[in-house]
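Enquirer: return a 3D structure for these sequence lines:
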Amino acid sequence: MIVGGPTGGDSGRSRKKYARYSETDRRGYQIMSVDKDDEIIFGKGDLDVDTGSQNDPMIIRMDIANFMVHKVLVDKGSSVDILFMDVLRKMKIGVASLRLVNTSLIGFGGSEVIPLRTIDLPVLIGMEPKRKTMMMKFLVVDTPFAYNVILGRPDLNLFRAFMSTFHLQMKFPIAMVSGR
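Expert: Prediction:
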């Protein structure tokens, strides 16, 4: 789990405003009605018996800026999405296209890590014909890690993704059908 980053903004003022808004949410609790077309269901057909243990982490691959990236860790506990600098170098994306970020991260074994920069890149997830493309904001970190990308809550929510750790699957709505 990664904690920190510019979830509520990159300045002290914007983070305080975000915290105040979170504490004083005046909307209350709402129960959203779901149309039948919006249902996402995991069933026996989604269970891959060849995968081995359902206790494995969820690892996917996705197309980032027309570059197929393998070993993407899906982590619902992370408050940011992370792209590691080695991947950015392989993609041949220069540092000039990155933006400064001032907020540190806590994680990676309990230590504090200062992200190098942030970058917005187009991401395509899913398999044809059930694919979805969105712009994602990544924090770029220059730390050795077993995975190339950590996909956290911000972009899981952007894709409206649902995960089943038992099925080791992630599904998301695409114009009246669900992709995976």
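Enquirer: now do the contacts for the spatially most central residue of the chain.
Expert: The centre of the chain sits closest to L151, judged by C-alpha atoms, centre = their mean, with a distance of 2.8 Å. Residues in contact with L151, defined by C-beta atoms under 8 Å, 6 or more residues apart in numbering, are 60, 62, 72-75, 78, 81. In short, each C-beta sits where N, CA and C put it, glycine included.
Enquirer: contacts only, for the residue lying closest to it once chain neighbours are set aside.
Expert: Ranked by C-beta to C-beta, 6 or more residues apart in numbering and with sequence neighbours excluded, the top spatial neighbour of L151 is V74, at 5.0 Å. By C-beta under 8 Å, 6+ apart, the contact set of V74 is 57-60, 151, 156, 163, 170.
Enquirer: helix, strand or coil for D155?
Expert: Assigned by DSSP: H, G, I helix; E, B strand; the rest coil, the conformation of D155 is helix.
Enquirer: quick one: it from L83, how far?
Expert: D155 sits 11 Å away from L83, taking C-beta to C-beta, to the nearest Å as the criterion.
Enquirer: of these two, which one has the most company?
Expert: Each of D155 and L83 has its neighbours counted (other C-beta atoms under 10 Å); L83 has more, 26 against 20.
Enquirer: SS state for the more buried one?
Expert: strand.
Enquirer: the nearest residue to it once chain neighbours are set aside: what secondary structure?
Expert: Closest residue to L83 in three dimensions, ignoring its sequence neighbours and counting by C-beta to C-beta, 6+ apart: F138, at 3.8 Å. Using three-state DSSP as the criterion, the local structure at F138 reads strand.
Enquirer: hang on, F138 packs against T118?
Expert: Yes. The pair F138 and T118 qualifies as a contact (C-beta atoms under 8 Å) at a distance of 6.7 Å.
Enquirer: of these two, which one has the most company?
Expert: When neighbours are counted by other C-beta under 10 Å, F138 comes out ahead of the other of F138 and T118, with 27 against 20.
Enquirer: contacting residues for L121?
Expert: Contacts of L121 were listed using C-beta under 8 Å, 6+ apart, and they are 64-65, 83, 93, 135-136, 138.
Enquirer: try it again with 6 Å
Expert: For L121, the contacting residues are 64-65, by C-beta atoms under 6 Å, 6 or more residues apart in numbering.
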